[in-house]
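Visitor: have a look at this prediction, sequence included:
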Amino acid sequence: MPTTDREKSVTVKNTEGLHARPADQFVRLAMQFDSEITVCKHGVDAVDGKSILSILTLCATRGTELVIRAQGDDAEDAVCQLGKLVELGFDE
């Protein structure tokens, strides 16, 4: 079965941005998927979506647009769930 590529653009909505707690939530969810997951913002190279240190290097403040990309058999589910987490403001 061929692998699938998916991507979704989302905007960071929580007040404090993508600090340690939401970055941890993102990475924990990303680790549940077999797909390769990357995250990027304008002007910054894509980072590993399964690495908390990489996610933190994005310095994504409130209002930052991120692009979540996944490649693999569960890519569609991965970008859907990760995108929803960001869009809901990490329940903060």
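Guide: Alright, I've got the coordinates.

Visitor: residue boundaries of the helices in the protein?
Guide: Remark: helices assigned in the chain by DSSP state H are 20-30, 52-56, 75-87.

Visitor: quick one: closest of those helices to Cys40.
Guide: The stretch from these with the least distance to Cys40 (C-beta to C-beta) is helix 52-56; that distance is 10.6 Å. Every residue, glycine included, has its C-beta placed from N, CA and C.

Visitor: got the helices of the chain as a markdown table, with mean pLDDT columns?
Guide: As requested, the helices of the chain are arranged in a markdown table below (pLDDT from 0 to 100):
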| stretch | mean pLDDT |
| --- | --- |
| helix 20-30 | 97 |
| helix 52-56 | 97 |
| helix 75-87 | 97 |
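
Visitor: can you redo those as TSV, where the extra columns are mean neighbour count and distance to Gly63?
Guide: Output for the helices of the chain, formatted as TSV (neighbours: other C-beta atoms under 10 Å; distance: least, C-beta to C-beta, whole Å):
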stretch	mean neighbour count	distance to Gly63
helix 20-30	18	14
helix 52-56	16	17
helix 75-87	19	12
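
Visitor: export the ones you listed to JSON lines and tack on distance to Thr3?
Guide: Listed next are the helices of the chain as JSON lines, based on distance: least, C-beta to C-beta, whole Å:
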{"stretch": "helix 20-30", "distance to Thr3": "17"}
{"stretch": "helix 52-56", "distance to Thr3": "22"}
{"stretch": "helix 75-87", "distance to Thr3": "7"}
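
Visitor: which among the ones you listed is found nearest to Val39?
Guide: Here helix 52-56 is closest among the helices of the chain (C-beta to C-beta), at 6.4 Å.

Visitor: mind giving me the packing neighbours of the closest one?
Guide: Contact here means 3 or more C-beta pairs under 8 Å, 6 or more residues apart in numbering; DSSP states H and E; on that basis helix 52-56 packs against helix 20-30, strand 47-48.

Visitor: a markdown table for these, including distance to Phe90?
Guide: A markdown table is the format used below for the helices and strands packed on helix 52-56 (distance: least, C-beta to C-beta, whole Å):
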| stretch | distance to Phe90 |
| --- | --- |
| helix 20-30 | 4 |
| strand 47-48 | 18 |
